[in-house]
Each structure stands twice: as C-alpha cells, then as structure tokens.
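Participant: Pasting a predicted model and its sequence here:
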Amino acid sequence: MSELIQAAMRGDVEGTRRHLHEALSRGFNGMTALMHAAENGHSECVKLLLDKEGREQDRNGWTALMFAARRNHIECVRLLQREATLRTSRKTDETLPGSTALIIAARYGRAECIRLLVGREGGMQDNLNHTALMVAASKNFSAIVSMLVAREARLVDNNGWTALMHAAYWNHLSCVKLLLRETGIQSTKEVDSCPTGATALMISAIRNCANVASLLFPHERGMVDAHNHNALWHASHNALNRKGEHITAGHPVLITLLQNEPTSPSSIPNTLSKSLLDCAAKGDVQGVLQCLSEAGQHDSKGNTALMRAAMGGYETICKILIDREQGSINEDGWSALMFAARYGHLECARCLISEASIQSSRHITDSTFNFPQGITALMLAAKFGYLEIVLLLDPHEHTLVDSEGNGALWYAENAQGLDDEVRKAIIVALSAEQDAGPLEEVETSSNDFPRVWTFDGIEYVLKTDWDAYATVSEAEKKLAAVTASMKGIDTPTQSTTEHSLERAREVRQLLDQVAELQAENEALRTAVRSNIPVKQEESILIPFRTGLESSLNTLHRLKEQTLVMRRAVAGEDKLTPAVDDAYNGVFALIRDLRRDIAASLQVLAAMTLSAGAQDATNSQK
C-alpha cells in the first residue's frame with residue numbers, strides 16, 4: 001500500500017500533499033487514495049486528490065463518490081459531483097452491476113446525499129432496471145421515497161415491477177402511501193409467487209399485507225392477472241395454502257378484501273359455476289355477452305348484474321346491461337348508480353345517469369357506516385370524496401334530502417376521513433345556487449381529456465380548466481342569438497323585451513368579468529407550470545387560490561342574472577320558444593364553467609398540500 005494511500009486513509013493532509021506523485025497507485029481491490037479519503041470523510045484530502053484521481057473506478061466499478069455516499073460524508077459527496085453518472089461493473093454483496101451513487105445512497109438511507117445526487121442521477125437504472133426509488137421503497141425509507149418519486153415514479157424493472165410493488169411486497173405502508181400514482185401497472189414476469197400481470201394489490205394479497213391491501217383496493221379493484229385472477233382470488237388461494245381450515249380464518253388480507261370486494265364468493269378459487277351475476281362481478285365481458293338471457297335476475301341481496309358491474313367499475317358491462325336492468329333496486333333500495341357513486345367509478349356513473357334521483361328505502365347500519373333511509377348517489381359521492389361524481393350528479397339530485405332532512409352538502413361537511421381540501425372543493429361545488437330546471441347533458445369534446453401540470457416536479461391531472469375560455473366565447477354566441485331572436489319578434493310586450501335585452505347586456509358584462517379573471521389567473525398558471533421552486537411558489541399559491549375563488553363568486557352572480565332573464569320572458573308564450581333553447585345553452589355552459597373552476601380548486605389543494613409537505617420536510621431537517 002503506497003504512502004499516499006496511507007496518508008489519505010488517515011486524513012493526513014500534509015502527508016497526502018507530499019506524496020501526490022504516487023497518484024493513481026492502487027491498494028486493496030483496486031482502490032485509489034481518493035477513494036480511501038472519500039470513504040473516511042477526509043474532505044481536505046479529497047480536494048488535493050480530485051484532479052489527479054477523479055472518475056477512477058476500483059475492480060467492482062466503485063468510485064470515490066459511491067464510497068462517500070455509502071458512508072454519508074456530505075461534504076465529500078459535494079466535492080465529487082464530477083463522478084456522478086458512473087456505474088458499478090460487478091455484482092457485490094451490496095450492489096448490482098450498473099448501480100449509481102444515487103442507488104447506493106438510497107440503499108443506505110442517506111437523505112442528504114440523495115438531495116445532492118438526484119439532479120444528476122435521478123431516473124438512472126441498474127442492469128436489472130432497478131431505480132433508487134425502488135431500492136428506497138424496498139428498504140422502507142419513506143423520506144427518501146418522497147424525494148425521488150417526482151423523478152422516478154412509474155419506471156419498471158426487468159420484471160415489470162414498480163417501486164410501489166416493491167413497497168407492497170415488503171409491507172411498507174408509509175412508502176405505499178407515497179407511491180399511489182403508480183397504481184394500475186401490471187408486472188411482465190412471474191416473480192416468486194407473484195404471477196405475470198400482478199398488480200401491487202395482488203402482491204399485497206399474496207404476501208398477506210392487510211393494511212397495504214386496504215389502501216390499494218380502491219385504486220386497483222377489479223384488475224386481473226395473466227391467468228384472469230383478481231386480488232380476492234389470490235388472497236383466498238393464499239389462505240387455503242397456508243391453512244387447512246375455513247377460508248377466512250385468521251387471514252387478515254382475505255377478510256379485508258371480502259369486506260370491500262364487490263363480488264360474491266364465486267371469486268374464491270375452485271368455483272365452477274358461471275352466471276351473468278358472476279361474470280358482471282368479475283368484469284368478464286365475454287361471459288356477460290354469453291349470459292345475457294339471465295338479465296333481470298337478482299342475488300340473495302337483490303343486487304342485479306348491472307349493480308355488480310357498477311360496484312367493480314366495469315363501464316363496458318354497464319353499457320351492455322343498462323337497457324336491460326336500469327332502474328332496478330336491491331332490497332335496500334340501492335340502484336346501480338348508487339354503487340358507482342359509492343365506489344368512485346365516474347365513467348360508470350356517467351353511463352347510469354338515468355337512475356339519478358332514486359333514494360334508498362331502508363336504514364342501513366354496519367360496523368363501518370350508518371346510512372338513513374333516503375340516501376342518494378350524490379350523498380354517497382359527497383361522503384366518500386368523489387368530486388367529479390359530485391359535479392356530475394349535483395344538477396340532478398341537489399334538492400333531495402334523506403329521511404333525517406340532510407342533503408349532500410351535510411354529508412360532505414360531516415364525512416369522516418376526507419382530506420380537508422377535498423372536502424372544501426366538494427362543499428364549494430355543492431354550495432352553488434342550482435339552475436332553474438333540469439338541463440340536458442352537454443357533450444364533451446376532445447379538449448376535455450386530462451392535461452398534466454408539473455408542480456415542483458410532481459404531476460397532477462387537471463381536467464377541462466382551460467375550456468373556461470371556450471365557455472365564455474360560446475356563452476357570448478348564445479346571448480347574441482337570444483338578442484337576435486328577440487329583436488325579430490313582433491310582440492306588443494315591448495317593455496318586457498327591452499327589459500330582457502338589458503339583462504342580456506348585464507350578463508355579457510359579467511361573462512367578460514369572468515374572462516378577465518381567468519386571464520389574470522393565466523399568469524399564475526404559467527408560473528406553476530414553470531417548475532419554480534416551492535419557496536418562490538408560496539407567494540403564488542395564495543393569489544392563485546384567491547383568483548379562482550373570485551371567479552366562482554362572479555359565476556354565482558352570473559347565474560342569478562341569467563335566472564332573472566329567463567323568468568322575465570317565461571310568461572310570454574311568443575317569446576319562450578325563441579329564447580328558451582338559447583337560455584338553456586347558457587345554463588349548460590355555466591354549469592360546465594362551475595365544474596371547471598371546482599376542479600381547479602381541487603388540483604390547487606393538491607398543490608398546496610405538496611408545498612406544505614415539502615416545507616415540513618425542510619423544517620424537520
């Protein structure tokens with residue numbers, strides 16, 4: 001071992017300086033003096049050696065940066081940034097070939113090193129395509145997962161596994177909570193006892209991780225693996241293999257899923273029967289088509305196949321069965337739409353909108369919920385925090401109350417376990433004054449598809465917010481049509497016509513105000529999309545929220561004015577046919593604009609929570 005290496009190991013700065021002529025000499029396993037200095041945290045020696053031995057690798061491909069990251073020597077890691085992106089070349093007890101300093105830091109939970117390295121090495125994968133995020137999730141380093149998720153979410157390894165799947169496999173609940181954006185991905189190879197096509201939920205069921213399964217269930221329910229088995233099948237199969245006893249005995253995952261899975265015991269293995277009810281519950285489209293002659297049948301609780309499909313979120317099956325079973329209720333008076341609202345299946349709810357206004361006929365009490373008689377789909381959506389379904393159902397069920405006199409707003413205000421910002425968005429949506437009379441559903445355009453915003457590297461989906469501008473434009477066209485129609489009518493009630501035209505001008509002015517507010521918010525939206533650091537973003541979030549809420553308040557005034565317009569001519573038979581359709585169009589556009597603004601508030605709430613979580617992490621450090 002050279003004098004230079006020995007001096008570097010000791011942290012002897014003068015000795016290192018005297019023997020610099022021995023640079024690039026190798027010791028044990030091909031390590032250089034720089035590697036030894038970095039491994040032992042001797043930053044002054046690192047400074048002396050960096051220009052002579054930087055980016056060298058030992059026999060396993062390790063660099064000085066990797067040794068510093070493993071030992072959590074922050075200053076050395078800072079000095080050795082030029083070695084970022086180099087990879088290991090051999091498998092060791094600690095790493096796989098292709099590992100980076102970031103992956104090594106994640107393996108040992110070195111949060112400060114992660115912060116320094118993620119900008120250079122975030123997203124890099126080893127030879128088996130493992131990421132630092134996957135390693136951190138496997139080790140249950142939730143703080144590091146939160147730091148890496150924005151850069152590495154939804155990447156998969158050679159088996160098609162995500163970081164979420166690794167966290168679920170090891171029952172790391174705190175990491176699973178941070179990785180929910182990875183739900184819906186399925187594996188591409190069989191691993192251990194987890195089959196091809198497995199989801200994180202299935203993995204948690206196979207591994208008997210009850211809490212993780214409960215958390216993942218709303219996100220991956222109804223999905224099946226390559227063998228057409230769902231999570232409930234795996235849980236029950238696992239129980240049978242582990243126990244020689246009753247299938248639910250002592251098996252928490254199975255019990256958890258059986259309490260929530262909207263299927264009958266036919267999901268348990270070895271069931272040979274095949275019926276319309278079973279196929280609808282499993283999402284088996286072909287089976288449903290083969291068994292359509294059984295439409296209208298009920299199970300022991302009065303549920304139809306359409307209800308079971310709605311429970312599971314199977315939109316295609318709902319569309320197949322809607323004409324045959326719509327309007328049916330079970331023994332509790334629940335409709336298929338109510339089940340779709342209860343479990344948050346928006347597309348199924350859209351399909352089943354014809355069942356709106358049905359109310360339950362019995363008081364239901366179980367270990368978790370207490371529902372009085374007369375609940376509606378809107379109340380269920382409000383209680384369980386499904387904003388988009390609330391916005392869908394609000395025009396149809398806003399005025400309905402249960403047997404205790406409570407409406408959907410009460411359910412939102414008193415729901416247990418809802419995030420406060422989600423609750424606020426729902427309350428804002430339900431508090432708006434309702435339109436006069438039912439409106440036809442407005443067809444959505446391709447512009448309604450989700451758009452993605454990036455806030456501090458984290459992605460959120462925002463639906464139809466930008467369509468508010470188109471809404472203003474279309475509303476003005478409608479009002480122009482109203483004006484033209486009214487001018488062309490020869491009627492003795494000239495005063496009524498003039499009054500209505502004045503109202504039309506007032507509404508146009510209010511629409512202009514909405515447009516101005518939306519334009520003001522454009523600058524704030526641009527700033528959010530520009531990935532400004534969170535601390536600089538704080539001054540933006542508050543006015544952004546205020547601007548959106550101002551738009552909502554202006555919208556309420558707009559709705560009041562249009563109601564006045566409509567009532568002003570409602571008594572004139574000659575005028576009503578000419579203007580009523582145009583007014584209905586205005587109402588529909590107003591409703592869409594209200595929906596868009598409420599969606600903006602919900603996404604803004606998520607952004608605010610993200611900023612708060614980041615600030616809390618920084619303050620703890």
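Facilitator: Looks like it came in fine.

Participant: looking at the chain, which helix or strand is least sure?
Facilitator: Lowest on mean pLDDT, DSSP states H and E among the helices and strands of the chain sits strand 458-462, with a mean of 33.

Participant: Do you know the pLDDT at G417?
Facilitator: At G417, the model reports a pLDDT of 77.

Participant: Just to be sure, it is in a helix?
Facilitator: No - counting by DSSP: H, G, I helix; E, B strand; the rest coil, G417 is located in no helix; its state is coil.

Participant: ok, now which ones touch it?
Facilitator: Residues counted as contacts of G417 (C-beta atoms under 8 Å, 6 or more residues apart in numbering): none. To be clear about C-beta, it is placed using only N, CA and C from the backbone, and glycine gets the same treatment.

Participant: now do G222
Facilitator: Here G222 is in contact with N230, G283, G312, G313, Y314 (C-beta under 8 Å, 6+ apart).

Participant: In contact with the residue lying closest to it once chain neighbours are set aside, which residues are there?
Facilitator: If the residues on either side of it in the chain are set aside, G222 comes closest to G312, at 4.3 Å by C-beta to C-beta, 6 or more residues apart in numbering. G312 makes contacts with R221, G222, P262, T263, A280, A281, K282, G283, Y343, H345, as judged by C-beta under 8 Å, 6+ apart.

Participant: Name the member of those residues with the shortest distance to R10.
Facilitator: Nearest to R10 out of the contacts of G312 is R221 (C-beta to C-beta; 60.2 Å).

Participant: Pull the number of nearby residues for that closest one.
Facilitator: When counting by other C-beta atoms under 10 Å, one arrives at 24 neighbours for R221.

Participant: Over to G15?
Facilitator: Neighbours of G15 (other C-beta under 10 Å): 15.

Participant: Quickly find the element holding the closest residue to it other than its chain neighbours.
Facilitator: Nearest non-adjacent residue to G15, counting by C-beta to C-beta, 6+ apart: A7, 3.2 Å away. A7 belongs to helix 3-10 when assigned by DSSP states H and E.

Participant: by contact count, what packs against that helix?
Facilitator: Packing partners of helix 3-10 (3 or more C-beta pairs under 8 Å, 6 or more residues apart in numbering; DSSP states H and E): helix 13-18, helix 33-39, helix 43-53.

Participant: so of these, which one's packed in deepest?
Facilitator: Across those, averaging neighbours per residue (mean count of other C-beta atoms under 10 Å) puts helix 33-39 on top, at a mean of 30.

Participant: In the record's domain split, what are the boundaries for the chain?
Facilitator: 183-261, 292-431, 446-620 (automatic domain parsing).

Participant: Need the pLDDT of the residue nearest to Y108 when sequence neighbours are not counted.
Facilitator: Nearest residue to Y108, sequence neighbours excluded (C-beta to C-beta, 6+ apart): R70, at 5.7 Å. Model confidence at R70, expressed as pLDDT, equals 96.

Participant: Among the contacts of G222, name the ones in helices.
Facilitator: The members of the contacts of G222 that map onto helices under DSSP state H are G312.

Participant: A305 and N228: what is the separation?
Facilitator: 18 Å (C-beta to C-beta, to the nearest Å).

Participant: okay, these two: which has more neighbours?
Facilitator: A305 (31 against 11).

Participant: thinking the more buried one is in contact with L292, fair?
Facilitator: No - contact criterion C-beta atoms under 8 Å: A305 and L292 do not qualify, at 9.2 Å.

Participant: what do the two both touch?
Facilitator: L276.

Participant: I'd assumed G11 was in contact with N40.
Facilitator: Yes - the criterion here is C-beta under 8 Å, and N40 meets it with G11 at 6.5 Å.

Participant: so how many other residues sit close to D126?
Facilitator: Using other C-beta under 10 Å, D126 has 22 other residues around it.

Participant: show me what contacts it?
Facilitator: By C-beta under 8 Å, 6+ apart, the contact set of D126 is R87, T88, T95, L96, P97, G98, S99, T100, I103.

Participant: Which pLDDT value belongs to it?
Facilitator: Reported pLDDT for D126: 96.

Participant: Let me see the contact set for the nearest residue to it once chain neighbours are set aside.
Facilitator: Take D126 and drop its neighbours on the chain: the residue closest to it by C-beta to C-beta, 6+ apart is G98, 3.7 Å away. By C-beta under 8 Å, 6+ apart, G98 lies in contact with R87, T88, Q125, D126, N127, L128.

Participant: Please identify the member of these with the greatest number of neighbours.
Facilitator: Ranking the contacts of G98 using other C-beta under 10 Å puts T88 first, with 25 neighbours.

Participant: Now the phi/psi pair for it, please.
Facilitator: Backbone torsions of T88, given as degrees, to the nearest 10, read phi -70, psi 160.

Participant: quick one: it from N60, how far?
Facilitator: 6 Å.

Participant: Which one of the contacts of G98 is nearest to E22?
Facilitator: T88 (25.4 Å).

Participant: most surrounded residue in the contacts of G312?
Facilitator: Across the contacts of G312, the neighbour count under other C-beta under 10 Å reaches its highest value at A280, namely 33 neighbours.
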